[in-house]
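Asker: got a predicted structure plus its sequence, pasted below:
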Amino acid sequence: MTFENLNLIEPILRAVKAEGYTEPTPIQEQAIPVLLKGHDLMGCAQTGTGKTAAFAIPILQLLSGNLSNGNGKRQIKALIVTPTRELAIQIGESFSAYGKHTGLRHTVIFGGVSQHGQVNALKNGIDILVATPGRLLDLIDQHLMTLQNIQFFVLDEADRMLDMGFIHDVKKIIAKLPAKRQSLFFSATMPPEIQKLAATILVKPVKVEIVPVVATTNLIKQSLYFVDKPDKRHLLIHLLQDKSIDSALIFTRTKHGADKVSRDLVKAGIKASAIHGNKSQGARQDALNNFKNKKTRVLVATDIASRGIDVEQLSHVINYEIPNIPETYVHRIGRTGRAGINGIALSFCDTEEREYLKDIHKLISGQIPVVEDHPFPMKHGAAPEPVVKAKTSRWRRR
């Protein structure tokens, strides 16, 4: 399957080719034909599966033949609602890349910054709007924009909307949309609350579900360190003394933990910053940009805050804390080893986290190789048996 097989128009094919895409991902292959036929869609897929292109490309194609002519002001015909500034910016970048030859205009609006530039873009007329819920409702309440001409509505990261307390705002937005529209709903998980919300948005939807696949590969080398909880910070600083670790994305389970790890690293002379939901949007974006531009060597993140982060040539992922959901481990380590470049995933496991580790081993049908020779071995209990020494076993999420 190639993008040519999806019946895409030449301007979009040209843009896709320029981005280096040759074959569509599974969600793109399944979703694009459905959306081009005008169906509503329920997509269950993790970040990193290519879902932004799966909805951006067909929206661009369907709108490309409906450009405003003459001096008439363009009306917003497509609305994409996403929970965070970071995701909104990344989606906007995707529309810029795929739609650069279509003549369509888009803008991105989010809170935490002055609304002046965003309002000017809306006044100049756009076809596609990417928005976070709070700023969108704020501008509507100020009568600076309307949703009455929306033909395409995308709700992205619906489960995260629920986690962040945005569901009430989302329901307000839905109430302001035209009844006749094509709707797309994406969520990484489908708990009952999310299914109930989807039922209020979609009409006879086609369901596309992309299940993360765990597969062996030589691109990501995994290693496990058994270490007592108080010694984790010492082990982390010790490992980061190795200058061959070009960039490291470190995962913690909590926002407080992310801040503490970041502070410990800075005190040790290691350039690091933290990213999580309690940070201002400006601070999160600055931290992400500094990490991408190699100004900061280490980024410490919670799982929710990291969703949507895509950093090229990320050399290391470090699980400072083992996740309590095994699929999360697979998703975390999949941030490295991309685009044919080797990556390394290191995990620290204390006594309380052993049950989580067992679940991960069950999911990946194997054991993460253990590094026994390190300066801070576990004192309070031996490692579970049997132990696979760190040499050959490698895994990643596809």
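Answerer: Alright, I've got the coordinates. Just so you know, these numbers come straight off a predicted model, no measurement behind them.

Asker: C-alpha only now, for contacts and for neighbours.
Answerer: Fine.

Asker: give me the below-cutoff pLDDT ranges for the stretch 151-300 of the chain.
Answerer: Judged against pLDDT under 70, the low-scoring parts of the stretch 151-300 of the chain cover residues 211-218, 277, 281.

Asker: strands of that one, start to end?
Answerer: Using DSSP state E, counting those that start in this stretch, the strands of the stretch 151-300 of the chain run over 152-155, 182-187, 206-209, 214-226, 248-251, 272-275, 298-301.

Asker: in TSV, list those along with mean neighbour count.
Answerer: Output for the strands of the stretch 151-300 of the chain, formatted as TSV (neighbours: other C-alpha atoms under 10 Å):
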stretch	mean neighbour count
strand 152-155	23
strand 182-187	24
strand 206-209	17
strand 214-226	20
strand 248-251	25
strand 272-275	26
strand 298-301	27
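
Asker: out of the ones you listed, which is closest to G343?
Answerer: Distances from G343 to each of those were compared by C-alpha to C-alpha, and the smallest falls on strand 214-226, at 4.7 Å.

Asker: got any ranges where the stretch 1-150 of the chain has weak pLDDT?
Answerer: 46-48, 67-72.

Asker: if we use 90, what do you get?
Answerer: 1-2, 4, 17-26, 44-51, 65-73, 84-87, 89-90, 93-94, 97, 112 (pLDDT under 90).

Asker: and V108, that's in a helix?
Answerer: No. When classified by DSSP: H, G, I helix; E, B strand; the rest coil, V108 is found to be strand rather than part of a helix.

Asker: tell me who's in contact with the residue nearest to it when sequence neighbours are not counted.
Answerer: Closest residue in space to V108, ignoring its immediate chain neighbours: V130 at 4.7 Å, by C-alpha to C-alpha, 6 or more residues apart in numbering. Counting by C-alpha atoms under 8 Å, 6 or more residues apart in numbering, V130 makes contact with 79-82, 88, 91-92, 106-109.

Asker: ok, 10 Å please
Answerer: With contacts defined as C-alpha atoms under 10 Å, 6 or more residues apart in numbering, V130 is in contact with 78-82, 85, 87-92, 95, 106-110, 136, 154.

Asker: same question, A345
Answerer: Each residue near A345 by C-alpha under 10 Å, 6+ apart is listed here: 220-224, 248-250, 315-319, 329, 332-337, 394-396.

Asker: ok, 7 Å please
Answerer: Shown in contact with A345 (C-alpha atoms under 7 Å, 6 or more residues apart in numbering): 220-223, 316-318, 333.

Asker: also I76?
Answerer: For I76, counting by C-alpha under 7 Å, 6+ apart, the contacting residues are 126-129, 149-150.

Asker: give me the nearest residue to it, chain neighbours excluded.
Answerer: Using C-alpha to C-alpha, 6+ apart and skipping residues adjacent in sequence, the residue nearest I76 is D127, 4.6 Å away.

Asker: where's the one you found relative to T296, distance?
Answerer: When C-alpha to C-alpha, to the nearest Å is applied, the distance between D127 and T296 equals 36 Å.

Asker: between these two, who's got more neighbours?
Answerer: D127 (25 against 18; other C-alpha atoms under 10 Å).

Asker: so that one is in contact with K73, correct?
Answerer: No. Contact between D127 and K73 fails when scored by C-alpha atoms under 7 Å: they sit 9.9 Å apart.

Asker: reformat the strands of the stretch 151-300 of the chain as JSON lines; add distance to P24.
Answerer: Below are the strands of the stretch 151-300 of the chain laid out as JSON lines (distance: least, C-alpha to C-alpha, whole Å):
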{"stretch": "strand 152-155", "distance to P24": "20"}
{"stretch": "strand 182-187", "distance to P24": "18"}
{"stretch": "strand 206-209", "distance to P24": "15"}
{"stretch": "strand 214-226", "distance to P24": "19"}
{"stretch": "strand 248-251", "distance to P24": "27"}
{"stretch": "strand 272-275", "distance to P24": "31"}
{"stretch": "strand 298-301", "distance to P24": "29"}
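
Asker: and the chain, what are its domains?
Answerer: The chain breaks down into these structural domains: 3-209, 214-397 (assignment by automatic domain parsing).

Asker: who's in contact with S183?
Answerer: With contacts taken as C-alpha under 7 Å, 6+ apart, S183 has the following neighbours: 40-41, 152-154, 201-202.

Asker: between those residues, which is nearest T52?
Answerer: The shortest distance between T52 and any of the contacts of S183, using C-alpha to C-alpha, involves V154 and amounts to 10.2 Å.

Asker: run through the bridge partners of that closest one.
Answerer: The partner list for V154 in beta bridges (DSSP bridges) reads I80, L184.

Asker: same check, this time on M42
Answerer: For M42, the beta-bridge partners are F185, K207 (DSSP bridges).

Asker: I'd like the contacts of I76 laid out as CSV, including distance to P192 and secondary structure.
Answerer: As requested, the contacts of I76 are arranged in CSV below (distance: C-alpha to C-alpha, whole Å; DSSP: H, G, I helix; E, B strand; the rest coil):
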residue, distance to P192, secondary structure
I126, 35, coil
D127, 33, coil
I128, 30, strand
L129, 29, strand
N149, 31, coil
I150, 27, coil
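
Asker: ChimeraX command to pick out the buried ones of those residues?
Answerer: Buried subset of those, written as a ChimeraX selection, criterion 16 or more other C-alpha atoms under 10 Å:
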select :126,127,128,129,149,150
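
Asker: distance between stretch 275-294 and the chain's centre?
Answerer: With C-alpha atoms, centre = their mean, to the nearest Å as the basis, the distance from the averaged C-alpha position of stretch 275-294 to the chain average is 14 Å.

Asker: would you indicate which residues of it are buried?
Answerer: Going by 16+ other C-alpha under 10 Å, stretch 275-294 has these buried residues: 275-277, 281, 283-285, 287-288, 290-292.

Asker: given the helix or strand containing the residue nearest to V108, what are its sheet partners and their directions?
Answerer: Here V130 is covered by strand 128-131, with elements defined by DSSP states H and E. When pairs are called by DSSP bridges, strand 128-131 turns out to pair with strand 78-81 (parallel), strand 106-109 (parallel).

Asker: out of the ones you listed, which gets nearest to M378?
Answerer: strand 78-81 (46.1 Å).
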